[in-house]
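What would the 3D arrangement of this be:
(chains A and B)
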There are 2 protein chains.
Amino acid sequence: MLQDTNVITNGIITQDALLNHWQGHRRVTRRLIEAFPEDQLFNYSIGGMRPFADMVKEILGLSGIGIRGIVTGNWTPTAELDYRAGNSAAKTKAELLLLWDQVTAELNALWLQIPHERFHEVVKAFGEYEGYSTDIILYWIDNEIHHRAQGYVYLRALGIEPPAFWNRD
Amino acid sequence: MLQDTNVITNGIITQDALLNHWQGHRRVTRRLIEAFPEDQLFNYSIGGMRPFADMVKEILGLSGIGIRGIVTGNWTPTAELDYRAGNSAAKTKAELLLLWDQVTAELNALWLQIPHERFHEVVKAFGEYEGYSTDIILYWIDNEIHHRAQGYVYLRALGIEPPAFWNRD
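Purely as a prediction, here's the structure:
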């Protein structure tokens, strides 16, 4: 790992590319939220796992509050965005999608404000998770892919064809 | 995206870091394979989806043949490794784990042979999927996270506690 140097001379992924990668995944997740019937989004579960809406709230909280934290150092959740799903106020699919689109716009805007060296600095995300910013952000993306894939299984179990995983447009 | 330049001057992820990231995920997936009872690994399914063993075969094929392709340009599958799961000969959990460990070692060895500029070159993975090498590799990792998460749901539905997602050691 060369994440502990301030200047990476042999980088293979740029700051711009990582944002594109993240937003591409976020477009897929948005389509998955849309594909869920309202009731099942908030209530359907397999094996005692959380309903997909709660996973979406976690993803929204990590992404939305997380990007603010990376830029400002302030990791305080809001009533709408909190990675602890039970604390999020969103109650309908429309509210989740609205929050989703707000985070999309904020992520694009705040990303431009991240100084390049921040990616190689250690942060304590949400006051709890310490790591290099790049690794923390990759974790959020991985966590989104992970929970979204569980939503894919829920949809399949409900007899609904999910959106294509490979289509990031 | 600056993937089309041969030299990235503002990279945030290095070649070494991407391998560590990938192998960290692969350690989680290996623990998931181990956690499955033999029979359910090859037969259990939800919503008409593939058994987890078939997803593992796809992951093994993409990773094992894929890394050879990135290094040598030869994307030919073998009897053991083929991303088209139905073509893989593995029939037991022990065989899958053996293949897994072979790919782990080969990935480490071949990664060192990837010239830095290769990451910014366009390849036609498996003769079908065209893209920058970095994006192709990220896709394989994403695909692994995606299908592994579906395995998490299978395990939960079977009443088995899966390994921690966050532990990449």
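
Quick one: the helices in chain A, in order.
A:15-35, A:38-43, A:52-72, A:93-111, A:133-157 (DSSP state H).

I'd assumed A:T76 was in contact with A:G127.
No - taking contacts as C-beta atoms under 8 Å, A:G127 lies outside contact range of A:T76: 9.2 Å. From N, CA and C alone the C-beta is placed, and that goes for glycine too.

which one of these two has more residues nearby?
A:T76 (12 against 9; other C-beta atoms under 10 Å in any protein chain shown).

hey, what's the closest residue to chain B within chain A bridged with?
Going by C-beta to the nearest C-beta, chain B is nearest to A:G11 of chain A, at 1.1 Å. On the basis of DSSP bridges, A:G11 is bridged to B:T14.

so how far is A:E38 from it?
Distance of A:G11 to A:E38, computed by C-beta to C-beta, to the nearest Å: 43 Å.

Which one of these two is surrounded by more residues?
Ranked by neighbour count (other C-beta under 10 Å), A:G11 and A:E38 place A:G11 first, with 27 against 11.

Wait, that one touches B:N10, no?
Yes - using C-beta under 8 Å, A:G11 is in contact with B:N10, at 7.1 Å.

Spatially nearest residue to A:R27, not counting backbone neighbours?
Excluding its sequence neighbours, the residue lying closest to A:R27 (C-beta to C-beta, 6 or more residues apart in numbering or on different chains) is A:R168, at 6.2 Å.

And A:K91, by the same measure?
Using C-beta to C-beta, 6+ apart, the closest residue to A:K91 is A:F42 (7.8 Å).

Number of residues surrounding that neighbour?
Around A:F42 there are 18 residues (other C-beta under 10 Å).

Check A:N20 too.
Residues near A:N20, counting by other C-beta under 10 Å: 15.

Likewise for A:I67?
For A:I67, the neighbour count with other C-beta under 10 Å is 23.

how much space between it and A:H147?
18 Å.

repeat for A:T14
Distance from A:T14 to A:H147, counting by C-beta to C-beta: 26 Å.

Point out where chain A drops to low pLDDT.
Residues of chain A meeting the criterion pLDDT under 70: A:1-9.

so how many other residues sit close to A:A17?
So A:A17, with other C-beta under 10 Å, has 23 neighbours.

How about A:N167, nearest residue that isn't a chain neighbour?
A:V28 (7.0 Å).

List the contacts of that neighbour.
A:R148, A:P163, A:F165, A:N167, A:R168 (C-beta atoms under 8 Å, 6 or more residues apart in numbering or on different chains).

returning to what we had before: which one of the helices of chain A lies nearest to A:N87?
Closest of the helices of chain A to A:N87 is helix A:52-72, at 8.1 Å (criterion: C-beta to C-beta).

how far off helix A:15-35 does that closest one point, in degrees?
Interaxial angle, helix A:52-72 versus helix A:15-35 (axes from the mean of the first three to the mean of the last three C-alpha atoms, to 10 degrees): 160 degrees.

is any part of helix A:52-72 close to chain B?
No - Helix A:52-72 stays clear of chain B (C-beta under 8 Å from any C-beta of the partner chain), getting no nearer than 10.3 Å.

how about that helix as CSV, C-alpha atoms only?
What follows is helix A:52-72, C-alpha atoms only, in CSV (Å, rounded to 0.1, in the frame of the first residue of the first chain):
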residue,chain,number,x,y,z
PHE,A,52,-34.2,-3.1,1.6
ALA,A,53,-35.4,0.4,2.6
ASP,A,54,-33.3,0.2,5.8
MET,A,55,-30.3,-0.9,3.7
VAL,A,56,-30.9,2.1,1.4
LYS,A,57,-31.1,4.4,4.5
GLU,A,58,-27.7,3.1,5.6
ILE,A,59,-26.2,3.7,2.1
LEU,A,60,-27.7,7.2,2.0
GLY,A,61,-26.3,8.0,5.4
LEU,A,62,-22.8,6.7,4.7
SER,A,63,-22.7,8.5,1.3
GLY,A,64,-24.4,11.7,2.2
ILE,A,65,-23.1,12.4,5.7
GLY,A,66,-19.8,10.7,4.7
ILE,A,67,-19.0,13.0,1.8
ARG,A,68,-19.6,16.0,4.1
GLY,A,69,-17.3,14.5,6.7
ILE,A,70,-14.5,13.9,4.2
VAL,A,71,-14.8,17.5,3.0
THR,A,72,-15.5,19.3,6.3
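
Packing partners of it?
helix A:15-35, helix A:38-43, helix A:93-111, strand A:122-125, helix A:133-157 (3 or more C-beta pairs under 8 Å, 6 or more residues apart in numbering or on different chains; DSSP states H and E).

Just name the most buried of these.
Per-stretch averages of neighbours, counted by mean count of other C-beta atoms under 10 Å in any protein chain shown, single out helix A:133-157 among the helices and strands packed on helix A:52-72, with a mean of 22.
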